[in-house]
Structures are given as C-alpha cells and as structure tokens.
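S.K.: Below are the sequence and a predicted model for it; my questions follow.
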Amino acid sequence: MERRQLGQTDLMVSPICLGTMTFGEQNTEAQAHSQLDYALERGINFVDTAEMYPVMARPDTQGLTERYIGSWLRKTGRRHDIVLATKIAGPNKMMPWIRGANHNLDAVNIRAAVEDSLRRLHTDYIDLYQVHWPSRNLPIFGANRFDPDAERPAVPIAETLGALDELVRAGTIRHIGVSNESTWGLCQYIKRSEQHGLPRIATVQNLYNLTARLFETSLMDEACYREGISLLAYSPLAFGQLSAKYLDDPQARGRLTVFPKNWSPRYVRPAVLAATAEYAALARAHGLTPAQMALAWCYARPFVASTIIGATSMAQLEENIDASELVLPPAVLAGIDEIHARYTNVGQ
C-alpha cells in the first residue's frame, strides 16, 4: 500500500487509517488485536484512537480502546511499524469522568491527558497528537449553524499550542493536529504558531463523506492546500448509513441501532435517508456495493491524505480495505455529483 506525507512532517502513512473507537465496546480485546494484525498485514501503518474512546462514551469503559492498542503493542513489539495517533478531549460537562467536569485544553489538562494516554498505550511517544474538538463554541457533531448565544469562556489557541510545544520539546509527542475544526480555527492555529514560534499543525481530522462534503465548500480545502495541512477524513460511511444496511433492514446491527439514544441525529434525517437510497441505487446499477462506492470515492479524493475506517467484524474490515483497489468510472462519479447537487451536505 502506498504512503502519503502528513502535512509538512516526516510522517508517511497509508491512505487508509484504522479507526479504533469500537474497541472496548463493540469489539473485545481479542477482536481488536485481530483487526490490528490484519490491518498491518494489508499494508496499513496508521492507527487512530482517542482518550475518550470507546464510543459510546461511558465512565466504565473510557480508555479501554487505548488499553487494547497498548496490550497489542506490548504483545507484538510492533510500535515502530505504525504511526500512532490519539486525541485529547475538549471541554464537555457531560463527561466528568475525563479529568473532572471542567477538563479543557490548558497546560495542566494536556500534560495529564498525554501521560494517561502514554501509560494506556504502553509507549513513550505519540506520533500525532490531536485536539479532539475545540475549547471554544463551535457547531460540531450534528449542529450545523454557528450560535453566538452559545459563547463560553475558552482556552486561547496560543495557550493550547504552548502546552503542546512543551511536550514536543520533551519528545513525548512528535507532531500535532486538530479535529472537528473550522476554517477560522485552522487559520488561527497557523497564525499563532507563526507568531510565537510554536509547533505547526500537520493535520485536520474532520467529517467527510458523500452526505457531508462541507470541507469542499467552506474554504477548508483551500486553506489546507495552501498551508500544507492534510485532511484525515472520518465517518466515510456516515455511521454505516452509506452501506445501505439500514435501508435493507432498519434493525440491522450497528451504531444507529445499538446506541439509539446517544448518537447524533444527523444520519437519520429524511434527506440523508433519501440521498442514501439514491447513492445505493447508483452503486448497485454499476455492480458495486454501496459501501464499496462510498469508500472508493473518499479514498480517491485528491485532498484526503488518509481515510479513517472502522469495523466491528473482520468481514467489514476486509471489504473496507478492498475498496481502496477500486477505480470508479466517470459515469459513477458524475452520478455522485448529480445526487449531491440535489442533497447537498444533508449529513453535515
């Protein structure tokens, strides 16, 4: 499998990244280890996790995902074979079990989060350390409108960068990135790093799939291109919706049925269901499964450095990786754009 450079760093990663947020909730430790073994066998060298995982977030499971990756690293000794990414949780009073209800992106919290992740992962360094979501008010996780009335005190980006700089200098993290960020936030990170001689972000991990293509229209793609920042696309199957399994069986096992009260409602909006049905019909008309088409499309987007995939079964993982070998014909690409023109960013 090919390797792509992350931002302006020396990190070279596979165009597919193994997402792990099911480890510890929908996948056992043994299953997690099997997925990691198989991913490396297929040429994947990029693994992404977070301190708050698994999803759905609960106090009695928090940190299990990193622990399972750590036990695999300890068992296999393959730390140098992977580029390991994890994330610090931004403020969320609904998760008081993560360093207390007032956890945030200040120096004390960042140091504590990194130390905890290093311990769980059984490693002494993290290749890519990411801010999972901002400290400031921002519409994310299904909200699609900025609300000035929701403003709250926030840790300044320069302060967050300063804390990360200390850890880069100490060698516990190599490079940094952000997630669930806006174009404004991205530019502020760049500005503050240049003003104060602080580490430069290498990546932005944002939502990107057939129903959520805001990255293309928010000037984020231009900012990333001009500033040398790589997009790590997450949720390429829209919580499994774009596999069309819920169209075929509304009670199919997956995040939308296993956690019916806790996921973002964006992927059950009527417009998303209508778009999914049309994407599925397009794929099948060309001899593809809906999942194959959705993933192959995402993998081939020129501004996507790596697509983060997750699976609860080995069969799903194999299909997801196999899709990277497909080249979608012009008729399929034209059909995708035609559907998108009628259902623009309905899953954002």
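M.R.: The structure has been received and is ready for your questions.

S.K.: Across the sheet, point out what pairs with the most centrally placed residue in the chain.
M.R.: Centroid check for the chain by C-alpha atoms, centre = their mean gives Tyr234 as the closest residue, at 3.8 Å. Applying DSSP bridges to Tyr234 gives these bridge partners: Leu207.

S.K.: Against Ala85, how distant is it?
M.R.: Using C-beta to C-beta, to the nearest Å, Tyr234 is found at 11 Å from Ala85. Backbone N, C-alpha and C define where each C-beta goes, glycine included.

S.K.: overlap in contacts of the two?
M.R.: Common contact partners of Tyr234 and Ala85 (C-beta atoms under 8 Å, 6 or more residues apart in numbering): none.

S.K.: ranges for the helices of the stretch 1-150 of the chain?
M.R.: Using DSSP state H, counting those that start in this stretch, the helices found in the stretch 1-150 of the chain span residues 29-41, 64-76, 107-121.

S.K.: right, so the ones you listed: which one is the most enclosed?
M.R.: Ranked by mean neighbour count, those are led by helix 64-76 with a mean of 20 (mean count of other C-beta atoms under 10 Å).

S.K.: Show me what that one packs onto, helices and strands only.
M.R.: helix 29-41, helix 107-121 (3 or more C-beta pairs under 8 Å, 6 or more residues apart in numbering; DSSP states H and E).

S.K.: Mean confidence (pLDDT) on the longest one, please.
M.R.: Which is helix 107-121. Across helix 107-121, pLDDT averages out at 98.

S.K.: ok, residues contacting it?
M.R.: Residues contacting helix 107-121 (C-beta under 8 Å, 6+ apart): 49, 51, 63, 66-67, 69-70, 73, 84, 86, 88-89, 99, 103, 124-126, 129, 159-160, 162-164, 166-167, 172-173.

S.K.: name the helices or strands packed onto the helix or strand harbouring Ile336?
M.R.: Assessed by DSSP states H and E, Ile336 sits inside helix 330-342. Contact partners of helix 330-342 among helices and strands, from 3+ C-beta pairs under 8 Å, 6+ apart: helix 270-285, helix 290-300.

S.K.: for these, which one sits closest to Asp248?
M.R.: Evaluated over the helices and strands packed on helix 330-342, closeness to Asp248 peaks at helix 270-285, with 8.6 Å, by C-beta to C-beta.

S.K.: isn't Tyr299 right up against Thr307?
M.R.: Yes. Proximity of Tyr299 to Thr307 meets the contact threshold set by C-beta atoms under 8 Å, at 5.5 Å.

S.K.: These two: who's more crowded?
M.R.: Shown here are Tyr299 and Thr307; by other C-beta atoms under 10 Å, Thr307 has more neighbours (28 against 23).

S.K.: How about the contacts made by the more buried one?
M.R.: 15-17, 232-233, 236, 295, 298-299.

S.K.: before we move on, what about Glu318?
M.R.: Glu318 touches Tyr38, counting by C-beta under 8 Å, 6+ apart.

S.K.: cool, and Ser193?
M.R.: Counting by C-beta under 8 Å, 6+ apart, Ser193 touches 161, 199-201.

S.K.: Common neighbours of Tyr299 and Thr307, please.
M.R.: Residues touching both Tyr299 and Thr307 (C-beta under 8 Å, 6+ apart): 15-16.

S.K.: coming back round to it: can you put the helices and strands packed on helix 64-76 in JSON lines and add distance to Pro59?
M.R.: Listed next are these as JSON lines, based on distance: least, C-beta to C-beta, whole Å:
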{"stretch": "helix 29-41", "distance to Pro59": "19"}
{"stretch": "helix 107-121", "distance to Pro59": "14"}
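
S.K.: Of all those helices, which one comes closest to Gly77?
M.R.: Nearest of these (C-beta to C-beta): helix 29-41, 12.4 Å.

S.K.: So which elements touch that closest one?
M.R.: Using 3+ C-beta pairs under 8 Å, 6+ apart, the elements in contact with helix 29-41 are strand 16-19, helix 64-76, helix 314-322.

S.K.: can you list contacts of it?
M.R.: Here helix 29-41 has contacts from 18, 20, 23-24, 27, 47, 65, 68-69, 71-72, 75-76, 78, 81-82, 311, 314, 317-318, 321, using C-beta under 8 Å, 6+ apart.

S.K.: just to revisit the earlier point, can you convert the helices and strands packed on helix 29-41 into JSON lines and add a column each for mean pLDDT and distance to Asn137?
M.R.: Converted to JSON lines, the helices and strands packed on helix 29-41 look like this (pLDDT from 0 to 100; distance: least, C-beta to C-beta, whole Å):
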{"stretch": "strand 16-19", "mean pLDDT": "98", "distance to Asn137": "27"}
{"stretch": "helix 64-76", "mean pLDDT": "98", "distance to Asn137": "28"}
{"stretch": "helix 314-322", "mean pLDDT": "96", "distance to Asn137": "34"}
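
S.K.: can you redo those as CSV with distance to Tyr267?
M.R.: As requested, the helices and strands packed on helix 29-41 are arranged in CSV below (distance: least, C-beta to C-beta, whole Å):
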stretch, distance to Tyr267
strand 16-19, 16
helix 64-76, 22
helix 314-322, 17
